[in-house]
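Trainee: This is a predicted model, with the sequence first.
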Amino acid sequence: MNPINRDTAHRLESLYQRINRREFVHPDPLEFLYAYESVRDREIVALIASSLAYGRVAQILASVRKILSAMGSSPADFLAEEAPDRLDTVLCGFKHRFATGAHIRDMLAGAGAIIDRDGSLYRGFLRGYRAADPTIVPALDRFCLRLSAAGDPGHLIPLPRRGSACKRMNLFLRWMVRSDAVDPGGWPGIPLSKLIVPLDVHMHRMALRLGLTRRNALDLATALEVTAGFSQWVPEDPVRYDFALTRLGIRSDMTVEDFL
């Protein structure tokens, strides 16, 4: 891993200032969070939207929209008030690539159980958080175990202990912990410095280009190495450039050569 030189650091910050704006969010499942002012609703929307954030973006948006439309104006109220069999009815026939309605049902059942016990997903996450942990990984592992306890959410809820990069869960945490022009936040008690870069193909390609890793595997070890690389420049917020950099691999009107 090469240290980030001053020129690269300047380019990254310039990219952040130019791209980290809501006008560049669409198409991205993150945009669903903006419609919910209540954190108790937003955290559920973030869980659903992040868990389905793989595959073609048009299908991602359609799948998330379908679930949220069925849950009404308040997803939190829906989970609190609807009987478990109502989830089966709502999700009957649902499919998003490898995810079935049963996977979504069991994930939401796990979320509902956490909310019933702790009052919110945030408080449930904090139950497993330890300030002494160097990163968010141990707390995320405990949280994922609880989300999986009510059934079988399948690949929607991976476990860090199995070496997964947990891209979608780290994306969920980025959305809920950070608060800026793009990330709406709502979970203030978790230090930004402990977040892990949501590692996918786009971010891995950028990390290789920036010399932050030489690893080819998209696993937890690589995600931690890439995060450590960004921490050389922004130790207080190593996930700061995630949105801006991944736009370069997603949007057809932006290229890496334009900015780096």
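Mentor: Okay, I see it. Residues are numbered from 1 along each chain as shown.
Trainee: Could you use CA atoms for every contact and neighbour count after this?
Mentor: Will do.
Trainee: Can you give me the buried ones in the one helix or strand residue 202 maps to?
Mentor: Assigned by DSSP states H and E, residue 202 belongs to helix 201-210. Neighbour counts using 16 or more other C-alpha atoms under 10 Å place 203, 204, 205, 206, 207, 210 of helix 201-210 among the buried residues.
Trainee: can I get the residues you listed in JSON lines with pLDDT and distance to residue 176?
Mentor: Listed next are the buried residues of helix 201-210 as JSON lines, based on pLDDT from 0 to 100; distance: C-alpha to C-alpha, whole Å:
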{"residue": "203", "pLDDT": "94", "distance to residue 176": "20"}
{"residue": "204", "pLDDT": "95", "distance to residue 176": "22"}
{"residue": "205", "pLDDT": "91", "distance to residue 176": "25"}
{"residue": "206", "pLDDT": "91", "distance to residue 176": "23"}
{"residue": "207", "pLDDT": "94", "distance to residue 176": "23"}
{"residue": "210", "pLDDT": "91", "distance to residue 176": "27"}
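Trainee: wait, which of those residues is closest to residue 178?
Mentor: Nearest to residue 178 among those, counting by C-alpha to C-alpha, is residue 203 at 18.1 Å.
Trainee: and the residue nearest to that closest one when sequence neighbours are not counted, how many neighbours?
Mentor: Distances taken as C-alpha to C-alpha, 6 or more residues apart in numbering place residue 246 nearest to residue 203, at 6.0 Å, with adjacent residues excluded. Residue neighbour count, defined by other C-alpha atoms under 10 Å, stands at 19 for residue 246.
Trainee: residue nearest the centroid of the chain?
Mentor: residue 171 (1.7 Å; C-alpha atoms, centre = their mean).
Trainee: For the helix or strand hosting residue 11, which helices and strands make contact with it?
Mentor: Taking DSSP H and E as the definition, residue 11 sits inside helix 6-19. Helix 6-19 sits against helix 242-250, with contacts defined as 3 or more C-alpha pairs under 8 Å, 6 or more residues apart in numbering; DSSP states H and E.
Trainee: give the contact list for residue 101.
Mentor: The contact partners of residue 101, taken as C-alpha atoms under 8 Å, 6 or more residues apart in numbering, are 88, 91, 92, 93, 94, 95.
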